[in-house]
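# Sharing a sequence plus its predicted fold:
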Amino acid sequence: MGLGLEIYLIFDIEEPFEKYLELRDRYLFDHRSGLNLIMTGEGDVGDEDRLLRQVEKVLNIDLTLLDFWDYADEHEDYISIKPLYMKLIELQNALVENPEYYRKICWGHDIEDKYLKDNFLKDVRFLIERLNLNLENGASLVKYISD
């Protein structure tokens, strides 16, 4: 897909690179395939048509912790992993309970059928496992950066 900013996670403890690669390969995770659009979108921070805001409305969930722009405005440094981890668990549950949610989203670039339908839940599960991996490695903080 390749739209939007590329977003990376940096932890306060060095991430076990080999385990990260195994996890990434198992989930076929590509940080440019759509999750970056959820986190950054197109439009202004307050724009209710941003992809993140549409997902929030359809699933009735607050995803502020995944909003790159809100994060960049509020936190210039690290945030605690645990609240993000818990929010991702909540998001995963909402996605499982509402498998047809993507039909209520209108964003363009075929993101509804090409990403939201087939890959968003996988990416959320990848992030949950990645955060857990880093928690087990002793990390407690994470920050988002863009390329």
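Sure thing, it's come through. Residues are numbered from 1 along each chain as shown.

# So for the residue nearest to the spatial centre of the chain, what's the pLDDT?
Centroid check for the chain by Cα atoms, centre = their mean gives Leu35 as the closest residue, at 5.2 Å. pLDDT recorded at Leu35 is 80.

# so which helix or strand takes in the nearest residue to it once chain neighbours are set aside?
Closest residue to Leu35 apart from its sequence neighbours, by Cβ to Cβ, 6 or more residues apart in numbering: Asp123 at 4.6 Å. All C-beta atoms are positioned from the backbone trio N, CA, C, and that covers glycine. Using DSSP states H and E, Asp123 sits within helix 120-136.

# Show residues contacting that helix.
9, 11, 13, 15-16, 19-20, 23-24, 27-29, 33-35, 38, 81-82, 84-85, 88-89, 91-92, 95-96, 102, 142 (Cβ atoms under 8 Å, 6 or more residues apart in numbering).

# among those residues, which are in strands?
9, 11, 142 (DSSP state E).

# how about the first one, what does it touch?
This points to Leu9. By Cβ under 8 Å, 6+ apart, Leu9 lies in contact with 130, 142-144.

# For it, name its beta-bridge partners.
Tyr144 (DSSP bridges).

# Could you report the distance from it to Val96?
In this view, Leu9 and Val96 are 23 Å apart by Cβ to Cβ, to the nearest Å.

# From Leu63, how far out is Arg50?
For Arg50 relative to Leu63 (Cβ to Cβ), the value is 11 Å.

# Tell me the backbone dihedrals of Glu100, please.
phi -100, psi 10 (degrees, to the nearest 10).

# Please apply the same query to Ser146.
phi -120, psi 160.

# Checking the nearest residue to it once chain neighbours are set aside next. Helix, strand or coil?
Nearest residue to Ser146, sequence neighbours excluded (Cβ to Cβ, 6+ apart): Leu5, at 4.4 Å. Three-state call for Leu5 (DSSP: H, G, I helix; E, B strand; the rest coil): coil.

# do the same with Asp62
coil.

# Tell me how far the nearest residue to it once chain neighbours are set aside lies from Leu91.
Closest residue in space to Asp62, ignoring its immediate chain neighbours: Glu56 at 6.5 Å, by Cβ to Cβ, 6+ apart. Glu56 sits 10 Å away from Leu91, taking Cβ to Cβ as the criterion.
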